[in-house]
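Engineer: Got a sequence here, can you model it:
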Amino acid sequence: EQTRVQAVLLPPSAKPLFEEGARLLFARWTALRLAVDNEWGGPTSKDKEQWLLQEAIQWFYKAKEHYADELEEELDNALLQDFNVEAEDNSPAEVAQAMVQLYQECARGEMTMLQRLRAQAAPAGTSRSKRQVVDRDGTDMGDDASGSSSDEDDDSDGDAMDEDEKPAPRPRAPPPAPVVDSDGFELVQTKGKRGMRR
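Structural biologist: So this is what the prediction gives:
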């Protein structure tokens, strides 16, 4: 099933509302948050996040028909290319569908989803969620209590944006460098994941 918006233009007064909602959706996107917070895209990860947000917003303004699966492909490719993250949690699809829904509502002059996103982003009355902080090589670095807020009562916007429910995506770790002993022989490395906790 494809979710789409066909030939619907946002009135100029609705554009800031749609863009605010898009920013709020990106702020709740766990895979992207982890990639940016851990700089999986390098030292310019924050810039890459802003570029991706602007590209996603412009995608709606450029196209006459909006298919969620097309936006999903763009988001998925950006995560892989810019942050070296394969999102196995279906989050690009969920974010794309949520953005299409947000666009539709803003075009109709509705604010239901935007108000819900605003309420979820509000710091008062929400619990702090914990994130698993993972180093570039996949080593668990413990928990980070400075994660963004989440509303545990709401499950309608997509589970991939709720940080406590799904395992964090992990970047592809490069293979370990060979270890050569003093005689020039390469030592066999174990493939076990010692030291990693889930």
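Engineer: going forward, measure contacts between C-alpha atoms and count neighbours the same way
Structural biologist: Fine.
Engineer: isn't A107 right up against A14?
Structural biologist: Yes - look at A107 against A14 with CA atoms under 8 Å: they come within range, at 6.9 Å.
Engineer: between those two, what contacts are shared?
Structural biologist: In terms of CA atoms under 8 Å, 6 or more residues apart in numbering, A107 and A14 are not both contacted by any residue.
Engineer: Check the gap between Q58 and Y103 for me.
Structural biologist: Summarising the geometry, the distance separating Q58 from Y103, computed by CA to CA, to the nearest Å, is 12 Å.
Engineer: So for those two, which residue has more residues nearby?
Structural biologist: Set side by side, Q58 and Y103 show unequal neighbour counts under other CA atoms under 10 Å, the larger going to Y103 at 29 against 12.
Engineer: What residues does that one make contact with?
Structural biologist: Contacts here follow CA under 8 Å, 6+ apart; on that basis Y103 touches L10, F18, F60.
Engineer: Which of those residues fall within helices?
Structural biologist: When helices are assigned by DSSP state H, the members of the contacts of Y103 inside them are F18, F60.
Engineer: Which of the contacts of Y103 ranks first by neighbour count?
Structural biologist: When neighbours are taken as other CA under 10 Å, the top entry among the contacts of Y103 is F18 (22 neighbours).
Engineer: So that residue is in contact with V100, correct?
Structural biologist: No - using CA under 8 Å, F18 is not in contact with V100; the gap is 10.1 Å.
Engineer: Phi first, then psi, for A121.
Structural biologist: Here the main-chain torsion angles of A121 (degrees, to the nearest 10) amount to phi -80, psi -20.
Engineer: Verify the stated contact: it with L24.
Structural biologist: Yes - in terms of CA under 8 Å, A121 counts as a neighbour of L24; the distance is 7.2 Å.
Engineer: for the chain, what helix or strand is lowest in average pLDDT?
Structural biologist: For the chain, the helix or strand with the lowest mean confidence is strand 149-150, at a mean of 42 (criterion: mean pLDDT, DSSP states H and E).
Engineer: which strands and helices sit next to the following helix or strand past that strand?
Structural biologist: From strand 149-150 onward toward the C-terminus, using DSSP states H and E, the following helix or strand is strand 179-180. Here strand 179-180 touches strand 186-187, going by 3 or more CA pairs under 8 Å, 6 or more residues apart in numbering; DSSP states H and E.
Engineer: And the average pLDDT for the strand it packs on is what?
Structural biologist: Along strand 186-187, the predicted local confidence has a mean pLDDT of 70.
Engineer: how about the helices in this protein?
Structural biologist: Assigned by DSSP H, the helices in the chain fall at 15-28, 30-37, 45-62, 68-83, 91-108, 112-121.
Engineer: Report pLDDT for the nearest residue to V36 once chain neighbours are set aside.
Structural biologist: With CA to CA, 6 or more residues apart in numbering as the measure, S45 is the residue that lies nearest to V36, at 5.1 Å, once sequence neighbours are left out. What the model reports as pLDDT for S45 is 95.
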